[in-house]
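**Q** Below are the sequence and a predicted model for it; my questions follow.
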Amino acid sequence: MSEAYFRVESGALGPEENFLSLDDILMSHEKLPVRTEIPMPRLGTFFLDRSGGAETDNAIPQGSKLELPLWLAKGLFDNKRRILSVELPKIYQEGWRTVFSADANVVDLHKMGPHFYGFGSQLLHFDSPENTDISRSLLQTFVGRFRRIMDSSQNAYNEDTSALVARLDEMERGLFQTGQKGLNDFQCWEKGQASQITASNLVQNYTKRKFTDMED
Amino acid sequence: MWPGWFLRLPACGLDGRRLAPVTRWRGPETGAGTQEDGLRQVLEEMKALYEQNQSDVNEAKSGGRSDLIPTIKFRHCSLLRNQRCTVAYLYDRLLRIRALRWECGSVLPSALRFHMSAEEMEWFNHYKKSLATYMRSLGGDEGLDITQDMKPPKSLYIEVRCLKDYGEFEVDDGTSVLLKKNSQHFLPRWKCEQLIRQGILEHVLS
């Protein structure tokens, strides 16, 4: 399956997400802090603890602080901030940016929201005055970490790599995987196995398990 | 017959359900449980969101409730999100189904077909036909099967070991071999390729 299946790639690092990209859909599900600038009637049921109650037509009051997923924040945002204004999540703020500039390698980017770069890039849509600093920080952080990712992915052959990828964000993990694939393909070629016909991954997976658990 | 593909879509629940996390996406090949329910729920939710918006739009226009506009926008965003998730999910399935043609050949194992919808089966057949037409147009009169020789061939005949009992297998000149588990044979490469990919034979390198 891996050979013939080409999933839609993420566009999050660029100006716009890819509509059909599953990675981008997952990324844009992550939340960020917002503030409502206007009451929003009849939506009180979604945020029961904020609801203004029946007299306000069950509204979310103006000035409420909420955590909304990126897709929703993007949809409701406009440059006049008529419906909501957006706050930067902590890891993109000055404090953490300083940490990254000190040593980008120590940070667990997987814990900091697994789509650190993608989410950070899309945050730029909200016209924060800190945008230049944020983009610079994203780039520098990546530059700082890339060397280690490349080295480890090119040298870990046939080993358990979980320790190496534990603190990488999703984009970095993708890079790591690509590196591993290159390494494995090369080793396979070196061993003279490049012309060996192999069973399709799809079939192997299917015969190994009949039913998979429904995961939640 | 709806596909068994596990998916939970993030949606804005009208009953106050919190936004459900999107979880792992898998294809029909994993044989996961039914998915009709999930999709049906999303479509129902979209219908409800749409109807609420219709009603609020009318109220905003004729009843002077322009304060409803942010609410209408909120629901509209949810509708777009549900649409995006649904379309991306179905599209991903098609990408996997397309890959099946290359991995499994033109006849799909019935267990996989069970997990595909009628429309998906139809799509697969169309794709097969397009591919076949294209292949026929290559290489002069005979056409060229580009789904063969996915790895560069080194010889006409190869050594194979049988991994599962398969039974009689006919070789070109009319003779046949008995493919019994663990038996080894020296056979033409082009006859074996499919069986190797299906995991019935193993290509043995000398």
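**A** Looks like it arrived, so ask away.

**Q** which residues sit in contact with the residue lying closest to B:V57 once chain neighbours are set aside?
**A** Spatial nearest neighbour of B:V57, excluding adjacent residues (Cβ to Cβ, 6 or more residues apart in numbering or on different chains): B:I72 at 6.1 Å. (Each C-beta comes from the backbone N, C-alpha and C, glycine too.) For B:I72, the contact set (Cβ atoms under 8 Å, 6 or more residues apart in numbering or on different chains) comprises B:53, B:56-57, B:60.

**Q** Is B:I72 within a helix or a strand, and which one?
**A** Take DSSP states H and E as the rule and B:I72 turns out to sit in helix B:69-104.

**Q** for B:L187, same thing?
**A** Element membership for B:L187, per DSSP H and E: strand B:184-188.

**Q** hmm, back to that, tell me which residues in the helix holding B:I72 are buried?
**A** B:69-79, B:81-82, B:84-86, B:88-93, B:96-104 (16 or more other Cβ atoms under 10 Å in any protein chain shown).

**Q** helix or strand right after that helix?
**A** Assigned by DSSP H and E, the successor of helix B:69-104 is helix B:110-113.

**Q** Mind giving me the packing neighbours of that next one?
**A** Taking 3 or more Cβ pairs under 8 Å, 6 or more residues apart in numbering or on different chains; DSSP states H and E as contact, there are no helices or strands that helix B:110-113 lies on.

**Q** The helix or strand that that helix is followed by - what's its average pLDDT?
**A** Sequence order places helix B:118-136 as the next helix or strand after helix B:110-113, per DSSP H and E. Averaged over helix B:118-136, pLDDT sits at 95.

**Q** Repeat that for stretch A:201-215.
**A** Mean pLDDT, computed over stretch A:201-215, is 55.

**Q** returning to that earlier point: and the helix holding B:I72 with helix B:118-136, angle?
**A** Computed with axes from the mean of the first three to the mean of the last three Cα atoms, to 10 degrees, the direction of helix B:69-104 lies at 50 degrees from that of helix B:118-136.

**Q** how near is the residue in chain A sticking out farthest from the centre to B:M150?
**A** Most distant residue from the mean C-alpha position of chain A: A:E55, 40.0 Å away (Cα atoms, centre = their mean). According to Cβ to Cβ, to the nearest Å, A:E55 stands 69 Å off from B:M150.

**Q** which residues does B:E59 contact?
**A** Counted by Cβ under 8 Å, 6+ apart, B:E59 has contacts B:65, B:68.

**Q** now A:G11
**A** Neighbours of A:G11 in contact, by Cβ under 8 Å, 6+ apart: A:17-18, A:21, A:24.

**Q** Check A:M171 too.
**A** A:M171 neighbours (Cβ under 8 Å, 6+ apart): A:10, A:13, A:115-118.

**Q** Go through the helix or strand hosting it and flag the buried ones.
**A** Using DSSP H and E, the element containing A:M171 is helix A:170-190. Neighbour-count burial for helix A:170-190, with 16+ other Cβ under 10 Å as criterion, is recorded at A:170-173, A:175-176, A:179-180, A:183.

**Q** Just flag the most distant two among these.
**A** A:E170 and A:L183 (20.3 Å; Cβ to Cβ).

**Q** what's across from the closest residue in space to A:E87 that isn't next to it in sequence in the sheet?
**A** Excluding its sequence neighbours, the residue lying closest to A:E87 (Cβ to Cβ, 6+ apart) is A:P33, at 4.3 Å. A:P33 has these beta-bridge partners by DSSP bridges: A:E67.

**Q** Report pLDDT for A:P33.
**A** A:P33 is given a pLDDT of 95.

**Q** so it sits right up against A:E67, yeah?
**A** Yes. In this structure, A:P33 is within contact of A:E67 by Cβ atoms under 8 Å, at 5.7 Å.

**Q** quick one: average pLDDT of the helix or strand containing B:D56?
**A** Assigned by DSSP H and E, B:D56 falls within helix B:36-62. Averaging pLDDT along helix B:36-62 gives 90.

**Q** Check stretch B:139-152 too.
**A** Here stretch B:139-152 scores 86 as its mean pLDDT.

**Q** Give the buried residues for it.
**A** B:147, B:150.

**Q** Can you get me the start-to-end distance on it?
**A** Stretch B:139-152 has its terminal residues 18 Å apart, counting by Cα to Cα, to the nearest Å.

**Q** Tell me the buried residues within the contacts of A:M171.
**A** A:10, A:115-118.

**Q** Let's have the residues you listed in TSV, adding pLDDT and secondary structure.
**A** Shown next, in TSV, are those (pLDDT from 0 to 100; DSSP: H, G, I helix; E, B strand; the rest coil):
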residue	pLDDT	secondary structure
A:S10	95	coil
A:H115	96	coil
A:F116	96	helix
A:Y117	97	helix
A:G118	97	helix
